[in-house]
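[1] Sequence first, then the predicted structure, then my questions.
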Amino acid sequence: MPAVHATALVDPAARIAAGVEVGAYTVIGAGVEIAEGCRIGSHCMISGPTRIGRGTVIHSHATVGNDPQDKKFKGERTELVIGERNTIFEFTTISRGTQDGGGVTRIGDDNWIMAYVHIAHDCSIGSQVIMANNAALAGHVTIEDWVVLGGYSTVHQFCKIGAHAFIGMGSMINADVPPFVMVADRYAEPRGINSEGLKRRGFDSERVAAIKRAYRAIYLSGKPLAEAKAELAQGAAGSEDVRQMLDFIEASTRGLLR
């Protein structure tokens with residue numbers, strides 16, 4: 001049986017696994033599924049349809065699975081899917097998807113989502129992502145694996161941030177950020193690659209050097225983007241990381257932050 005505090009309100013239509021802990025004054029609505037090993041703090045609001053994977057911890061006053069902040073939303077069925085072993089801190093807000101956006105807001109595994117973060121409707125977040133305090137995502141944002149978003153950073157709707165990118169504190173992102181790139185300042189600008197993060201994750205010097213060469217081609221060579229992509233295509237033959245960067249650029253719909 002789950003350990004539900006006497007003051008918590010759990011809808012009979014919610015499915016709470018054995019061993020889940022639910023804190024005081026938390027409200028869990030119909031259509032919510034919480035897997036084993038989860039801990040839900042006090043004064044949380046979890047609305048459905050929402051699925052929360054094993055071992056996830058949600059701290060007090062978080063609002064999870066709430067209606068999307070989209071004027072086109074008319075109450076249609078949409079959902080939030082949260083993976084395993086995520087940590088979600090106080091006062092975080094995470095919205096469900098919208099029908100026009102595919103119907104699902106999706107969060108992967110092992111993410112660290114700090115206090116006052118906002119994740120809007122139809123966002124897709126990978127795994128091993130860190131979102132520092134007050135980071136905010138508008139609707140339809142994609143965040144790939146191992147991204148770090150600094151405190152008070154904001155991401156415009158439909159933007160995509162590639163794997164292992166680093167977004168500096170207070171940066172405003174209004175275009176796509178390729179994998180491995182570090183950006184900073186209020187109106188975010190490229191500041192090199194996330195070399196320290198890559199070293200921590202086991203990237204050897206050869207891989208890092210290939211990524212640096214790709215960065216120079218895109219951002220420092222002064223070449224038009226088409227010529228920079230041609231140079232990346234040559235480098236991609238010997239580097240999966242460069243191939244990842246090139247594929248990201250080719251698929252960009254918002255344009256690169258450049």
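    Everything's here; your move. Residues are numbered from 1 along each chain as shown.
[2] Got phi/psi on Ile113?
    phi -110, psi 110 (degrees, to the nearest 10).
[3] Hmm, it is touching Asn133, no?
    No - judged on C-beta atoms under 8 Å, Ile113 makes no contact with Asn133 at a distance of 10.0 Å. Quick note: C-beta positions are derived from backbone N, CA and C, even for glycine.
[4] can you pull the contacts of the residue nearest to the spatial centre of the chain?
    Nearest to the mean C-alpha position of the chain, counting by C-alpha atoms, centre = their mean, stands Ile125 at 3.2 Å. Counting by C-beta atoms under 8 Å, 6 or more residues apart in numbering, Ile125 makes contact with Arg106, Ile107, Gly108, Asn111, Ile119, Thr142, Ile143.
[5] What's the local residue count around Met103?
    Heads up, residue 103 is Gly, not Met. 16 (other C-beta atoms under 10 Å).
[6] what's the answer for Ala17, then?
    15.
[7] And Arg191, by the same measure?
    Arg191: 15 surrounding residues under other C-beta under 10 Å.
[8] Go through the helix or strand in which it is found and flag the buried ones.
    Assessed by DSSP states H and E, Arg191 sits inside strand 189-193. Across strand 189-193, burial judged by 16 or more other C-beta atoms under 10 Å covers Pro190, Gly192, Ile193.
[9] and it, what's its mean pLDDT?
    Strand 189-193 carries an average pLDDT of 94.
[10] what residues does it touch?
    Contacts of strand 189-193 (C-beta under 8 Å, 6+ apart): 168, 180-185, 208, 211-212, 215, 219, 257-258.
[11] can you put the buried residues of strand 189-193 in CSV and add distance to Ala175?
    Formatted as CSV, those follow (distance: C-beta to C-beta, whole Å):
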residue, distance to Ala175
Pro190, 11
Gly192, 17
Ile193, 17
